[in-house]
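# got a structure for you, letters missing:
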């Protein structure tokens, strides 16, 4: 039986006020719905930082990369912005933050609305290519490609100051690379050097425009009509993505992609800092 990834909750008692139980239930529902194993919820006292420090220590001990808060307001501390707290979680524990319910931060899900159905994101053949930043990495199609792709996404988005998108982008690239390796690669991560030349390759590409982030995985599959129609996206990925699809690049193979929206407050923050 496959183990669920660990997740830790965090909430500020002064922000939750008289709704601590409701905030805890919100965190629990989010973790269950998204397929996480909620280990525990840390309660931060007014003007304190003890729980945050303990959370970081526990994240490092357990090697978990996921924190969930009722809303992003719970990350704001006196004298420290939400972005600073997120950056600390990322730098000290390599962890991304999920917001259980917040219109500006829970990508694709709005406060008080049910989670979208599977058909909700518009599925198109090929993503647009407006000017913007781009970074990519070429990998052998083995199981080790998954963890390497995760690190590439985390490093790239951290460098681009898109801390809010690290967790969903990592979830997406994990699924896309796993599917590509399963179709074109080998499950043996310890192949002999003499066998490496026989491996297929795949490319993980991350592109950023002013308002969107696109994660693409290119592999060596020969494209048939069924591959372009039978999209591999899980419900979890489709809840995160605004759009997704597949296309056949001119040089051959198959490219699978998902597009995330960059939250409005992140766009404004980047505009101020640039």
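Arrived safely, thanks for sending. The structure displayed is predicted, hence computed values, not measured ones.

# just give the nearest non-adjacent residue to residue 176, would you?
residue 217 (4.1 Å; C-beta to C-beta, 6 or more residues apart in numbering). Every residue, glycine included, has its C-beta placed from N, CA and C.

# ok, that neighbour - contacts?
149, 173, 176-177, 179-180, 202-205, 255-257 (C-beta atoms under 8 Å, 6 or more residues apart in numbering).

# how distant is the helix or strand hosting it from the center of its chain?
Residue 217 is located in strand 212-219, with elements delineated by DSSP states H and E. Here strand 212-219 is found 12 Å from its chain centre; the criterion is C-alpha atoms, centre = their mean, to the nearest Å.

# pLDDT of the helix or strand in which residue 271 is found, averaged?
Per DSSP H and E: residue 271 is located in helix 264-273. For helix 264-273, the mean pLDDT works out to 79.

# same thing with stretch 174-192?
81.

# give me the neighbour count for the closest residue to residue 135 other than its chain neighbours.
Once flanking residues are discounted, residue 135 sits nearest to residue 156: 4.8 Å by C-beta to C-beta, 6+ apart. For residue 156, the count of nearby residues is 24 (other C-beta atoms under 10 Å).

# next, the angle from the one helix or strand residue 156 maps to to strand 212-219.
Assigned by DSSP H and E, residue 156 falls within helix 144-159. Interaxial angle, helix 144-159 versus strand 212-219 (axes from the mean of the first three to the mean of the last three C-alpha atoms, to 10 degrees): 160 degrees.

# OK, contacts around the nearest residue to residue 234 once chain neighbours are set aside?
Once flanking residues are discounted, residue 234 sits nearest to residue 175: 6.1 Å by C-beta to C-beta, 6+ apart. Residues in contact with residue 175 (C-beta under 8 Å, 6+ apart) are 232, 233, 234, 236, 237.

# mind listing what the last one touches?
Just to be clear, that refers to residue 237. Counted by C-beta under 8 Å, 6+ apart, residue 237 has contacts 171, 172, 175, 244, 258.

# now swap in the second one and tell me
With contacts defined as C-beta under 8 Å, 6+ apart, the neighbours of residue 233 are 175, 241, 244, 258.

# hang on, the third one in a strand?
It stands for residue 244. Yes: counting by DSSP: H, G, I helix; E, B strand; the rest coil, one finds residue 244 located in a strand.

# now do it against residue 145, distance only.
Counting by C-beta to C-beta, to the nearest Å, the separation of residue 244 from residue 145 is 20 Å.

# which intervals of the stretch 51-200 of the chain have sub-threshold pLDDT?
Across the stretch 51-200 of the chain, the ranges flagged by pLDDT under 70 are 78, 83, 101-131, 187-198.
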